[in-house]
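Visitor: generate coordinates for the sequence data below:
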Amino acid sequence: MRWDDVVAAMRVVERRGRGDADVRDVQYDSRRVGPGDVFVAMRGGSTDGNRFVRSAIERGVAAAVTDSAEGFAGLGDVPAVLVEHGRRALAEASAAVFGHPEKKLKISAVTGTNGKTTTAFLLEQMLASVGRKCVLVGTIETRIADEVRASEHTTPESRDLLALFAEGVRAGCTEVVMEMSSHALEQERVWGIPVDVAIFTNLTQDHLDFHGTMGAYARSKAKLFAGVGASPPRVAVINDDADYAGLMIDSYTGDEFVVRYGIGESNGASFRAVDVRLLLGSTQFRWVTPDGEAIIRSPLTGRVNVENLLAAMCAALARGLTLEQIASAAESLHQVPGRFQIAPGSQEVGFMVVVDYAHTDDALSNLIRLARESVVEHGGRVITMFGCGGDRDRTKRPKMGRAAGAESDLVIVTSDNPRSEDPIEIINEALLGVRETNATFVVEEDRRAAIEVAIRAARPGDIVLLAGKGHEKEQIFADGAVHFDDVEEASRILREIANEVKQ
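Guide: All right, here's what the predicted structure looks like:
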């Protein structure tokens, strides 16, 4: 592609230099730049890409884009443009260079505090059940058809997202299912992405270190329903039971329809789950829609997964699946890694160890209630181990402690990802909430040791919850990250206990 054609795709304030250069790729990281690339230098939250323009030029860029007037003046003879919005220009240039793959795919996007990952996984499985090839982009992993890759971010920068879309098109994909984080929506990392079906799961306290207030957090989420540099979604799927559902509906500027879903007979949702039966390892309910009903049977567990199922099913319906196809797909859905994941070896010791990503007070409460439902019939106890992340919203720490203590029989407070903070100081803030309850608690800073304390405290019939990290494979400290996997640690201890019993 010629540089002239790339420039035509952007909103340019000023331009200089020749336009006949051949453009190979677009980069925003100067370390990844090579000959023939366009380097987009943009101001970010923690750094300014304009500091690295000279390095990019030395690597042989074909052209440069900058959102700094000062930087533009210092670019010398390199073909360049000055833009008002660096991130928007990155998206516009990338879309042009990659051949506008976003226009060749039908995109479903999920936003919300809890349930994004599970809903995205479930929707992708439903679409795949009728033979559709998908690109899946989310917190745990990225998939292009059958190829699986680790994800660095819930929602990547626009250049990386569009590159994935382009790969998906080449692989024969027709659908995208992706998580859209509030950070990505606020920072316009998804600028120009034409969402077909937008889904809102819920909104509870999280990320206030970035957004400041719940209102600002909600407004960032609501951008999905208005469209970020693109037309609004064709369909908006909204959890009618969730706080801020009204804001999401009011923000929707499309001219087709809003799908409101919920649990029970009493709410105003027209897509409802009624006659819900919750068992450990299975869920059944009657799905009532304006176009008919279906009996849904799923191997997923708990009320929260009824909500996730409803979100995914409504989106699948909007993407053209029938009630019968969706009901059939629901029976064989797989659980998401790190979401109520039963650690291998649990069956051999007579109690269950569950690893879950719950890292907000609302998610922790939902998890513990689900565990309580699982043990109530045979009088088992709920043992909850949790920690709070460092360099994140401190106000939710006592709330998480309160949530853990309110319905657990034993709480082990430990470290999560302390990052640059002192783990003990984080633990002490969480303990403020635990101490407001009547729960018995133990403090163990070392997460590996805390997992062992929690599991060895269990008796037959109990359930042990290892909350906060879920699918994550590392623990982050001030001096770097180390490999750490809650499932691996739990399985190791369970094997030791099983061997001890045999001896």
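
Visitor: what are the ranges of the helices in the stretch 51-200 of the chain?
Guide: Remark: helices assigned in the stretch 51-200 of the chain by DSSP state H, counting those that start in this stretch are 53-58, 69-73, 86-97, 116-129, 158-170, 182-187.

Visitor: alpha carbons of the second one, as PDB, please.
Guide: Same thing as helix 69-73. Listed next in PDB are the C-alpha coordinates belonging to helix 69-73 (Å, rounded to 0.1, in the frame of the first residue of the first chain):
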ATOM      1  CA  ALA A  69       3.300  19.500  17.100                       C
ATOM      2  CA  GLU A  70       6.700  19.700  18.600                       C
ATOM      3  CA  GLY A  71       7.500  16.100  17.500                       C
ATOM      4  CA  PHE A  72       6.200  16.800  14.000                       C
ATOM      5  CA  ALA A  73       8.600  19.800  13.600                       C
END
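
Visitor: for Gly468, list the residues it contacts.
Guide: Counting by C-beta atoms under 8 Å, 6 or more residues apart in numbering, Gly468 touches Tyr357, Ala358, His359, Phe386, Gly387, Cys388, Gly389, Asp416. Glycine gets a C-beta too; all of them are placed from N, C-alpha and C.

Visitor: and what of Glu421?
Guide: Gly390, Asp391, Ala478 are the contacts of Glu421 under C-beta under 8 Å, 6+ apart.

Visitor: about what we covered before: mind giving me the ChimeraX select for the contacts of Gly468, buried ones only?
Guide: The buried subset of the contacts of Gly468, as determined by 16 or more other C-beta atoms under 10 Å, is captured in ChimeraX by this line:
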select :357,358,359,386,387,388,389,416
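
Visitor: of the contacts of Gly468, which pair is most distant in space?
Guide: Tyr357 and Cys388 (13.6 Å; C-beta to C-beta).

Visitor: tally of neighbours for Arg87?
Guide: Residues lying near Arg87 (other C-beta atoms under 10 Å) number 23.

Visitor: how close does it get to Gln187?
Guide: The gap separating Arg87 from Gln187 is 6 Å, by C-beta to C-beta, to the nearest Å.

Visitor: flag the shaky bits of this protein, pLDDT-wise.
Guide: Along the chain, the parts satisfying pLDDT under 70 run over 45-46, 207, 210-211, 256, 266-267.

Visitor: now do 80
Guide: Within the chain, the stretches with pLDDT under 80 are 44-47, 74, 76, 152-153, 205-212, 255-256, 265-268, 279-281, 376-378, 502-503.

Visitor: can you list the domains in it?
Guide: The record's domain split for the chain, according to automatic domain parsing, is 3-97, 101-330, 341-502.

Visitor: closest to Thr117 among the contacts of Gly468?
Guide: Nearest to Thr117 among those is Tyr357, at 7.5 Å by C-beta to C-beta.

Visitor: pretty sure the closest one contacts Gly470?
Guide: Yes: using C-beta atoms under 8 Å, Tyr357 is in contact with Gly470, at 2.8 Å.

Visitor: just to revisit the earlier point, and the contacts of Glu421, which are buried?
Guide: Of the contacts of Glu421, these count as buried by 16+ other C-beta under 10 Å: Gly390.

Visitor: just put the contacts of Glu421 in JSON lines and tack on distance to Thr113.
Guide: Below are those laid out as JSON lines (distance: C-beta to C-beta, whole Å):
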{"residue": "Gly390", "distance to Thr113": "19"}
{"residue": "Asp391", "distance to Thr113": "19"}
{"residue": "Ala478", "distance to Thr113": "27"}
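
Visitor: would you format the contacts of Glu421 as CSV with distance to Met178 and secondary structure included?
Guide: Below are the contacts of Glu421 laid out as CSV (distance: C-beta to C-beta, whole Å; DSSP: H, G, I helix; E, B strand; the rest coil):
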residue, distance to Met178, secondary structure
Gly390, 28, coil
Asp391, 26, coil
Ala478, 32, coil
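
Visitor: what's the closest of the contacts of Glu421 to Val33?
Guide: The closest of these to Val33 turns out to be Asp391 (C-beta to C-beta; 29.6 Å).

Visitor: overlap in contacts of Tyr357 and Gly470?
Guide: Going by C-beta under 8 Å, 6+ apart, residues that sit against Tyr357 and also against Gly470 are Gly338, Arg339.

Visitor: what ranges do the strands span in the stretch 251-400 of the chain?
Guide: 257-263, 271-279, 282-289, 292-298, 341-342, 352-356, 382-386 (DSSP state E, counting those that start in this stretch).

Visitor: let me see the contact set for Arg159.
Guide: The contact partners of Arg159, by C-beta under 8 Å, 6+ apart, come to Val26, Gln27, Tyr28, Val40, Leu90, Ala91, Ser94.

Visitor: ok, now how distant is it from Val135?
Guide: With distances taken as C-beta to C-beta, Arg159 is found 15 Å from Val135.

Visitor: what of Gly470?
Guide: Applying C-beta to C-beta, the value for Gly470 to Val135 is 22 Å.

Visitor: with distance to Glu147 added, can I get the contacts of Gly468 in JSON lines?
Guide: Putting these into JSON lines (distance: C-beta to C-beta, whole Å) gives the following:
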{"residue": "Tyr357", "distance to Glu147": "23"}
{"residue": "Ala358", "distance to Glu147": "29"}
{"residue": "His359", "distance to Glu147": "28"}
{"residue": "Phe386", "distance to Glu147": "34"}
{"residue": "Gly387", "distance to Glu147": "33"}
{"residue": "Cys388", "distance to Glu147": "35"}
{"residue": "Gly389", "distance to Glu147": "30"}
{"residue": "Asp416", "distance to Glu147": "31"}
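
Visitor: which of the contacts of Gly468 fall in helices?
Guide: Assigned to helices by DSSP state H, none of those qualify.

Visitor: among the helices of the stretch 51-200 of the chain, which comes closest to Leu321?
Guide: Set against Leu321 and scored by C-beta to C-beta, the helices of the stretch 51-200 of the chain come closest in helix 116-129, at 6.4 Å.

Visitor: any buried residues in that closest one, and which?
Guide: Going by 16+ other C-beta under 10 Å, helix 116-129 has these buried residues: 116-129.

Visitor: next: stretch 99-115.
Guide: Within stretch 99-115, the residues that qualify as buried are 100-102, 105-115, counting by 16+ other C-beta under 10 Å.

Visitor: Leu90: what's its closest spatial neighbour, skipping adjacent residues?
Guide: Distances taken as C-beta to C-beta, 6 or more residues apart in numbering put Val40 closest to Leu90, at 4.5 Å, once the chain neighbours are dropped.

Visitor: report the secondary structure state of the one you found.
Guide: Following DSSP: H, G, I helix; E, B strand; the rest coil, the label given to Val40 is strand.

Visitor: for it, what are its contacts?
Guide: Here Val40 is in contact with Val26, Gln27, Tyr28, Gly49, Ala64, Val65, Thr66, Gly86, Ala89, Leu90, Ala93, Arg159 (C-beta under 8 Å, 6+ apart).

Visitor: separation between the fifth one and Val81?
Guide: Meaning Ala64. Distance, Ala64 to Val81, by C-beta to C-beta: 8 Å.

Visitor: ok, now which ones touch Asp37?
Guide: Asp37 sits next to Val23, Arg24, Asp25, Val26, Gln27, Gly60, Val61, Ala62 when contact means C-beta under 8 Å, 6+ apart.

Visitor: keep only those of those residues that are in strands.
Guide: Among these, DSSP state E puts Asp25, Val26, Gln27 in strands.

Visitor: wait, which of those residues is closest to Asn428?
Guide: Proximity of those to Asn428 (C-beta to C-beta) peaks at Gln27, which lies at 43.8 Å.

Visitor: what pairs with the closest one across the strands?
Guide: Beta-bridge pairing of Gln27, defined through DSSP bridges, involves Phe39.

Visitor: alright, calling it a day.
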